[in-house]
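>>> Pasting the sequence and the predicted model now:
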Amino acid sequence: MEPIKDQDILDLFGQEKTKEQGFNLLVKKYKQEIYYSIRHLVFSHEDANDISQNVLIKIWKHLDQFRGDAGLKTWIKKICVNESLTFLERKKKMLNIIDEEGYNDYITKTVAEDRFLSSDKIQQLLEQAIQLLPEKQRAVFTLRYYDEMPYEEMTKIFGGSEGGLKASYHFAVQKVEEFLSKH
């Protein structure tokens, strides 16, 4: 079976009678990628599912405004990152977490209790280390580490320079390595 092309999705979505078909193809092609992009940022399976639904609703509402400045995949990743970061800020407020230490305690407890996470201890520690990174640094790290996204594409999500993103990734790697060596 031939892979689904982004242009085919956009062409179908652009016509009223095939709009739903185009969206269904988009979901088929990107659903798993959307979920894991979000999951790496928010950690919780349930939260990732909820945010994935919000992302798909945003895509449905705004895909006709897609200008093509970046690739469709990059545009979708930007929505995933923005929705995830917004969610994390709301969650911190809801849980009355006012500082990084409180958030670190919450994440440590959450990682230990997650039933969807591998029982492999190193995997748990890696997930904990990633979740302890500041939000933007976590987003840069996960896009680079898991998705192998080029820095050039990341500039279309975060703005700024490739050099700044490389530095952010480098510092994230250092923090993850430091955390893993201590634990």
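Thanks, I have it.
>>> Buried residues in stretch 128-148, which are they?
128-133, 135, 137-145, 147 (16 or more other CB atoms under 10 Å). In short, each C-beta sits where N, CA and C put it, glycine included.
>>> Give me the distance between the two termini of it.
20 Å (CA to CA, to the nearest Å).
>>> Relative to residue 128, how far out is residue 171?
Going from residue 171 to residue 128 by CB to CB, to the nearest Å gives 18 Å.
>>> do residue 94 as well
Between residue 94 and residue 128 the distance is 21 Å, computed by CB to CB.
>>> cool, residue 39 as well?
Counting by CB to CB, the gap from residue 39 to residue 128 is 14 Å.
>>> any idea which helix or strand comes after the helix or strand bottoming out on mean pLDDT in the chain?
Every helix and strand of the chain was ranked by mean pLDDT, DSSP states H and E. The lowest is helix 100-113, at a mean of 68. Heading C-terminal from helix 100-113, the first helix or strand you meet, by DSSP states H and E, is helix 121-131.
>>> For that next one, name the packing helices and strands.
Contacts defined by 3 or more CB pairs under 8 Å, 6 or more residues apart in numbering; DSSP states H and E place helix 121-131 against helix 100-113, helix 135-145, helix 162-182.
>>> let's see 6 Å
Counting contacts by 3 or more CB pairs under 6 Å, 6 or more residues apart in numbering; DSSP states H and E, helix 121-131 packs against helix 100-113, helix 162-182.
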